[in-house]
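# sequence plus predicted model, see below.
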Amino acid sequence: MRNASTWAAEATSVFVKEWRCEFRTRYALNTLALFAFTTLVVVSVSLGPLGVSRAHGTAVLPVLLWVILLFSVAAGLPRSFVQEEETGTAMALRLAATPSALFCGKLAYGLTLVLALEAMLTPVYVAMTNLKVVSPGLLAGVLAAGGYGLAAGSTLVAAIIAQARSKGTLFSVLAFPVLLPLLLLSVELTRLAVAGSPPGVALPQLLLYDASVTVAGLMLFPAVWNP
Amino acid sequence: MVAPGRGPPGQVGRFRGMRGIFLHVLHVTESRLQFQDIRRRFGRLAVLTGVSGAVGPGGMLLVTGPNGSGKSTLLRCLSGLLAPDGGTIEYRETNGGPGAPLDAAERRQRVGMVSPDLAFYAELTVEENLAFFAGLRRVPPDRGLAVLGRLGLPLDRLAGALSSGMRQRLRWAWALLHSPRLLLLDEPFQNFDAPGERTARELLAEHLAGGGLAVVANPSALDFDHAERLDLGR
């Protein structure tokens, strides 16, 4: 019990540190906000002020929502481990932190960042594109589960690429197979939420994906972090 | 630069009188570090080619050699940060019994390390940095703050605004935060002014007097008469 509580305290320390540093530099916040706002405006203007027809909207708008989210997250989250390597703080972390607690602290930071982004972006997107969502509860659930998958996948890939030389290229190459199933499932579930259809097997599959990425992260991270 | 004992009132002053804080529980346990035939290559470059040494309680191993001779690499191997290509590293912390050697992950958690490569979060203050790492080490930050008190470093200064000598003071405080029995010191007096170096030497002497052990890497031989020496010069 004591080990679990100290582990949780370690993860919490990392989480608090991440947000404290973020509030002072606002690197990820600014990057995410810039990408999200820019792509949101581009999509809204391109589709016209009155939005698209309901038939087209159900098919197209969920895809664009997740493209915006992916672009924004990809611009901000991969920095979390890269910055530790570039500034030299990784050495102190390696000597002091339990790898799994470090991974979970970083994941919790990424998750809160993604959820905050979704909470701000989605209502504006829905309003600007005149998207009618028949099952808002399902949409909220999909955003939460999909957001977790985005955060977990990005954190894992960020940890893997942190020590590589071509970080940007490697992130794209590694993130593609990791995030593709998540995006396909999230888009499908968002379509179902917009149309008011039942989620079917897609929702359990998305939750299974989240669990798999988390377990893979916890198992792989110690080896990735301490070569 | 803030001279030792001359930091801002209320920050440094409250730690005065804690000079003996480093004579802690080291005497309760015995530690021993032994490494044999350590080899490490980086690509085609063989940096360490069969390096051996040992250090026991209260002992210090002084590793000397020119730049590029592998001093820092050796310390990284000993700390568990870098896996050697060959050879054995046995570090034990025993409580009377024989004790099993610690693996690399355990060594990383236990050792205290001062290294020029060690950096801290520029956006956090000195005190916030120490508090964060104390949280990870699961110890109160008192010991690190006491060291800073002796070294004379303002706690409310951002780590990104520290001079090189001040950063070295923070490295010492960070290394001693969790009362390690094994100190791995890579160029430990680099960038110090005279009072800073004097205090750091006192801290090292107290660590050794308390039964701790140290491996010190320095390009030139330091004036520690009682230290074992290991010359990596080629």
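Alright, I've got the coordinates.

# now do the contacts for B:G160.
Taking CB atoms under 8 Å, 6 or more residues apart in numbering or on different chains as the definition of contact, the neighbours of B:G160 are B:122-123. For the C-beta atoms, the positions are set from N, CA and C on the backbone; glycine is no exception.

# what pairs with B:V216 across the strands?
Beta bridges link B:V216 to B:L62, B:L185 when assigned by DSSP bridges.

# measure it to chain A for me?
B:V216 sits 17 Å away from chain A, going by CB to the nearest CB, to the nearest Å.

# burial check on that residue, number of neighbours?
Residue neighbour count, defined by other CB atoms under 10 Å in any protein chain shown, stands at 23 for B:V216.

# need the pLDDT of it.
Taken from the predicted model, the pLDDT recorded for B:V216 is 94.

# and for B:A227?
Note on B:A227: pLDDT of 80.

# that one contacts B:T64, doesn't it?
No - here B:A227 lies out of contact with B:T64, judged by CB atoms under 8 Å, at a distance of 10.0 Å.

# pLDDT score assigned to residue 1?
Since you didn't name a chain, this refers to chain A. In this prediction, A:M1 has a pLDDT value of 47.

# oops, wrong one, chain B.
pLDDT, B:M1: 34.

# and what of A:W7?
Residue-level pLDDT assigned to A:W7 equals 89.

# what's near enough to touch it?
Under the criterion of CB under 8 Å, 6+ apart, the contact list for A:W7 reads A:98, A:100-101.

# residues in contact with the residue nearest to A:V213 when sequence neighbours are not counted?
For A:V213, ignoring the flanking residues on the chain, the nearest one in space by CB to CB, 6 or more residues apart in numbering or on different chains is A:A152 at 4.3 Å. Contacts for A:A152 (CB under 8 Å, 6+ apart) come out as A:107, A:110-111, A:210, A:213-214, A:217.

# off-centre distance for whichever strand or helix holds A:L183?
According to DSSP states H and E, A:L183 maps onto helix A:167-195. Remark: helix A:167-195 is offset 10 Å from the chain centroid, using CA atoms, centre = their mean, to the nearest Å.

# pull out the buried residues from that helix.
Under the neighbour-count criterion of 16 or more other CB atoms under 10 Å in any protein chain shown, helix A:167-195 has A:167, A:170-171, A:174-175, A:178-179, A:181-183, A:185-194 buried.

# what does stretch A:102-120 give?
By neighbour count with 16+ other CB under 10 Å, stretch A:102-120 contains the buried residues A:102-115, A:117-118.

# nearest to A:V60 among those residues?
A:V60 lies nearest to A:E118 out of the buried residues of stretch A:102-120, by CB to CB, at 19.0 Å.

# if I've got this straight, the closest one is in a helix?
Yes - counting by DSSP: H, G, I helix; E, B strand; the rest coil, one finds A:E118 located in a helix.

# isn't it up against A:V142?
No - with contact defined as CB under 8 Å, A:E118 and A:V142 do not form a contacting pair (10.0 Å).

# residues near the residue lying closest to A:S44 once chain neighbours are set aside, how many?
Sequence neighbours aside, A:M128 is the residue nearest to A:S44 in space, at 4.2 Å (criterion: CB to CB, 6+ apart). The burial count assigned to A:M128 is 16, neighbours taken as other CB under 10 Å.

# B:P66 too?
Residue crowding around B:P66 was assessed by other CB under 10 Å; the count is 11.

# before we move on, what about B:D231?
11.

# tell me how many other residues crowd the nearest residue to it once chain neighbours are set aside.
Leaving aside its chain neighbours, B:D231 sits nearest to B:T64 (5.2 Å; criterion: CB to CB, 6+ apart). The number of residues packed around B:T64, counting by other CB under 10 Å, is 18.

# contacting residues for the most centrally placed residue in chain B?
Residue closest to the average C-alpha location in chain B (CA atoms, centre = their mean): B:M113, at 3.3 Å. Contact partners of B:M113, counting by CB under 8 Å, 6+ apart, are A:95, B:75, B:79, B:175, B:183-186.

# now the helix or strand harbouring it: mean pLDDT?
Taking DSSP H and E as the criterion, B:M113 maps to strand B:112-114. Strand B:112-114 shows a mean pLDDT of 96 in the predicted model.
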